[in-house]
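Colleague: What would the 3D arrangement of this be:
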Amino acid sequence: MKKPKKYDAIIIGSGQAGNPLAFDLAGRGQNVAIIEKNKLGGSCINFGCTPTKTLIASANLYNRVHNSEELGVNVSNVELDFQKVISRKNDVVKSFREGIEKSIEENENIDLYRGVGSFKDKNTVKIKLNDGGELEISADKIFVNTGTKPSRIPLKGLEHINHLNSTTIMELDKLPEHLVIIGTSYIALEFGQMFRRFGSQVTMIGRGDRIIKREDPDVSESIQKILADEGIEFLLNTDTKTVEMNDNKIELLVEKNNQEKRIECSHLMLAVGRTPNTEELGLENAGVDTDDKGNIKVDERLKTTTENIYALGDVKGGPAFTHISYDDFRIVIDNLFGEGKRSLNDRLVPYTLFTQPQLGRVGITETEAKENGYNVKIGKLEMKNVGKAIEDNYTEGFMKAVVNENDNKILGVAVLGYQGGEIMAMVEVAMMAGMTYDKLRDGIFTHPNLSESLNNLFNV
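Modeller: Residues are numbered from 1 along each chain as shown. This next block holds a predicted model:
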């Protein structure tokens, strides 16, 4: 094997931290190698945010048209072209991915290797190329951004069933007649509502007593009611025991309260979490430690247990969001070339559940605030009392703010409602600025916009 080609930096994985990091380093005149075994752009563009939100847009419009009579608009003979929905999704994903490919190809300081990268030692990476052969490259600094993949569960009979996950379900060319989803996570809820709105019968199975348990009970219970009112069946406190094929149908045996029940469906999806892509990296050869779930251990500045190796994005565990991956990139750049002030400590982590209505969340919940000993004031506003929501006929859900009574600072907010993610972002900006809640309460916002709801939300 030839002497390894030397780079200033090697990036394993082209996700939403790896790509901007590569372009930034290349812009500083460094020679950068990117290793990607799959499609450029990581899970966000190929399997996550971009395709799912494109599909959700179609599902929501189809649902809106079906319910247009409520707004005095009579529409007949509305049909869903599911194959065209999938085709549009593929086109959007392809355009995003090709944009990245073109940018990399045109950058003379970046070399792209398509294959599987694994550590030979802390400075050397072996690449098993997708088109055959192997080579080695080396660098002073190496960054891991390999992300995660859908998890599996030890379910008897699963190996004999053609089941789906959050990636493969978006490759269907025919609408499921009856979709059963094992799991009641954020991903599961988005897909559940999407396919229900497309016209599938949907059943969701969860082992817990309520969905998305990291949220306050009133939030998770309200989301469940909204989705149940749309026709989604929830089986909670339910354990799935076995799965098998029966006359071209998938049959599940489930147990609730010591009572067994059989469920037949046309399609089965697993939505039971995600697993870090670390098994092929050969981390032990570089002295990089992982936790018991396989996540790469990092310090507050994203260094691993080996000084010159960093881990960014979902592969390190913690909040698994594209915007967090991008902030990981900013932390690394600041500590390598900037003032070194950025770290994982005390950063706000906003997120949005893209059901309709959306759930926008930032900061801590009421439950967490009380567990941490805060004296709290709670502001709550039903969406049915928000003018713009009434006018646009999106009145489901509510807004909820958690305020520290001792200093009037905002601890967190949950906006389950029309454009909940966008309203949440307004509150997040206020939290970043250290504003007290009364600044929003007394602010002047245009009427009739959703933003003016903050006047009433913070009237606590």
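Colleague: gap between the longest helix belonging to the chain and the chain center?
Modeller: Longest helix of the chain, by residue count under DSSP state H: helix 82-105. Its chain's C-alpha centre and that of helix 82-105 lie 19 Å apart, by C-alpha atoms, centre = their mean, to the nearest Å.
Colleague: Helices along the stretch 301-450 of the chain, start to end?
Modeller: For the stretch 301-450 of the chain, the helices defined by DSSP state H, counting those that start in this stretch cover 322-337, 366-371, 387-392, 420-432, 437-441.
Colleague: Next: the stretch 101-250 of the chain.
Modeller: Counting by DSSP H, counting those that start in this stretch, the helices of the stretch 101-250 of the chain are 186-198, 217-229.
Colleague: ok so, going back, columns mean neighbour count, distance to Pro176 and mean pLDDT on top of the helices of the stretch 301-450 of the chain, output as JSON lines?
Modeller: (C-beta placed from N, C-alpha, C; glycine too.) Formatted as JSON lines, these follow (neighbours: other C-beta atoms under 10 Å; distance: least, C-beta to C-beta, whole Å; pLDDT from 0 to 100):
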{"stretch": "helix 322-337", "mean neighbour count": "19", "distance to Pro176": "27", "mean pLDDT": "97"}
{"stretch": "helix 366-371", "mean neighbour count": "16", "distance to Pro176": "35", "mean pLDDT": "98"}
{"stretch": "helix 387-392", "mean neighbour count": "15", "distance to Pro176": "30", "mean pLDDT": "97"}
{"stretch": "helix 420-432", "mean neighbour count": "19", "distance to Pro176": "27", "mean pLDDT": "98"}
{"stretch": "helix 437-441", "mean neighbour count": "18", "distance to Pro176": "43", "mean pLDDT": "97"}
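Colleague: follow-up on the earlier one: of the helices of the stretch 101-250 of the chain, flag the one that's most buried.
Modeller: helix 186-198 (a mean of 23; mean count of other C-beta atoms under 10 Å).
Colleague: got the contact list for that one?
Modeller: 52, 55-56, 58-60, 62-63, 80, 82, 85, 166, 169, 175-176, 179, 181, 202, 204, 211-212, 223, 227, 230-232, 269, 271, 353-356 (C-beta atoms under 8 Å, 6 or more residues apart in numbering).
Colleague: Counting neighbours, what do you get for Val85?
Modeller: By other C-beta atoms under 10 Å, 18 other residues sit near Val85.
Colleague: State the distance from it to Pro150.
Modeller: 22 Å (C-beta to C-beta, to the nearest Å).
Colleague: what's the answer for Ile110, then?
Modeller: Taking C-beta to C-beta, one finds Ile110 at 29 Å from Pro150.
Colleague: Kindly report the same for Tyr113.
Modeller: Taking C-beta to C-beta, one finds Tyr113 at 25 Å from Pro150.
Colleague: just checking, Leu172 touches Ile86?
Modeller: Yes. Leu172 is within contact range of Ile86, at 7.1 Å (criterion: C-beta atoms under 8 Å).
Colleague: mind listing what the closest residue to Ser185 other than its chain neighbours touches?
Modeller: Among residues not flanking Ser185 along the chain, Ala271 sits closest, at 5.4 Å (C-beta to C-beta, 6 or more residues apart in numbering). By C-beta under 8 Å, 6+ apart, the residues touching Ala271 are Pro150, Asn165, Ser166, Ile181, Ile182, Gly183, Thr184, Ser185, Ile187, Ala188, Phe191.
Colleague: Can you name the residues that contact the first one?
Modeller: Residues counted as contacts of Pro150 (C-beta under 8 Å, 6+ apart) are Asn165, Ser166, Thr167, Leu270, Ala271, Gly273, Arg274, Thr275.
Colleague: For the closest residue to the first one other than its chain neighbours, list each beta-bridge partner.
Modeller: In this structure, Asn165 finds its nearest non-sequential neighbour in Pro150, 3.7 Å apart by C-beta to C-beta, 6+ apart. Here Pro150 sits in beta bridges with Arg274, going by DSSP bridges.
Colleague: isn't Leu236 right up against Thr184?
Modeller: Yes. With contact defined as C-beta under 8 Å, Leu236 and Thr184 form a contacting pair (7.4 Å).
Colleague: ok, the two, which is more surrounded?
Modeller: Each of Leu236 and Thr184 has its neighbours counted (other C-beta under 10 Å); Thr184 has more, 27 against 15.
Colleague: Now for that one: which residues touch it?
Modeller: Met204, Ile205, Gly206, Gly208, Ile211, Ile212, Phe234, Leu236, Ala271.
Colleague: elements contacting the helix or strand of the chain with the lowest mean pLDDT?
Modeller: Least confident helix or strand of the chain, by mean pLDDT, DSSP states H and E, is helix 42-46 with a mean of 92. Here helix 42-46 touches helix 82-105, helix 322-337, going by 3 or more C-beta pairs under 8 Å, 6 or more residues apart in numbering; DSSP states H and E.
Colleague: for this protein, which spans come out with low pLDDT?
Modeller: Low-confidence segments of the chain (pLDDT under 70): 1-2.
Colleague: So for it, the centremost residue is which one?
Modeller: Phe321 (4.9 Å; C-alpha atoms, centre = their mean).
Colleague: wait, that one sits on Leu348?
Modeller: No. With contact defined as C-beta under 8 Å, Phe321 does not reach Leu348; the gap is 11.8 Å.
Colleague: Just send the helices of the stretch 301-450 of the chain back as a markdown table, with distance to Glu70 too.
Modeller: Shown next, in a markdown table, are the helices of the stretch 301-450 of the chain (distance: least, C-beta to C-beta, whole Å):
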| stretch | distance to Glu70 |
| --- | --- |
| helix 322-337 | 34 |
| helix 366-371 | 33 |
| helix 387-392 | 11 |
| helix 420-432 | 21 |
| helix 437-441 | 32 |
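Colleague: Which one of these lies nearest to Leu312?
Modeller: Closest to Leu312 of the helices of the stretch 301-450 of the chain, according to C-beta to C-beta: helix 322-337, at 4.0 Å.
Colleague: what residues does that closest one touch?
Modeller: Residues contacting helix 322-337 (C-beta under 8 Å, 6+ apart): 15-18, 20-21, 24, 28, 42, 44, 48-49, 143, 145, 301-302, 310, 312-314, 316, 318, 340-344, 347, 349-350.
Colleague: Could I have the buried ones of the residues you listed as PyMOL selection syntax?
Modeller: If you want just the buried ones from the contacts of helix 322-337 in PyMOL, going by 16 or more other C-beta atoms under 10 Å, the selection is:
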select buried, resi 15+16+17+18+20+21+24+42+44+48+49+143+145+301+302+310+312+313+314+316+342+344+350
